[in-house]
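Engineer: Next comes the sequence, and after it the predicted model I'd like to discuss.
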Amino acid sequence: MAMPLPKDKPKPLPSVIQKAVSSKQVLKDPPLPPEGKADTKSEYSAEFEDAWSNYPKRAGGNSKQTAFKAWNARIKSGVPVQDMIDGVKRYAAYITATGKEHTEYVQQAATFFGRSCHYENEWQIPKSGGSYGRDVNQISTPDNSIPPGFRG
């Protein structure tokens, strides 16, 4: 047999606790950043903004803030800013030449500026006549030779 429910009503929480948990207060007052620390999202250096504007666009995520952290880590380790900007320009030319813009094959900028130092790569543009310069609508010439030892 089921037990009857208690007839007492629950007691309301003290007003101090109610104020601390009030959803209205949480929605009205967003947390402030700690004193002395600025909001890093809006404070990118001019050099980084230059590199970011030249960086090839990709499909999928590419966090500017994470890339900026990697950028600053390289600067702190002694990498000249111009080396990274030049690397971005070489990489952007390579991505454009290989037709990979706006694809998932473009590295995330945080990886590019990361510990592996991809900005130092040459990123040479492939010579025409390779697989990138081939007309995909052209049919190749058939090979009519029969290999030795083939019985058909």
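Structural biologist: Great, that's in hand. Numbers count the residues shown, from 1 in each chain.

Engineer: Just the buried positions in the host helix or strand of residue 52, please.
Structural biologist: Assigned by DSSP states H and E, residue 52 belongs to helix 46-54. Counting neighbours by 16 or more other Cβ atoms under 10 Å, one finds that the buried residues in helix 46-54 are 48, 51-52. Yep, even glycine has a C-beta here, placed from its N, CA and C like the rest.

Engineer: how about those in TSV, adding pLDDT?
Structural biologist: Formatted as TSV, these follow (pLDDT from 0 to 100):
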residue	pLDDT
48	95
51	94
52	95
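
Engineer: of those, closest to residue 87?
Structural biologist: Lowest distance from residue 87 to these (Cβ to Cβ) belongs to residue 51, with 8.6 Å.

Engineer: ok, back up a step: which is the succeeding secondary structure element to the helix holding residue 52?
Structural biologist: helix 64-76.

Engineer: what's the angle from that next one to helix 46-54?
Structural biologist: 130 degrees (axes from the mean of the first three to the mean of the last three Cα atoms, to 10 degrees).
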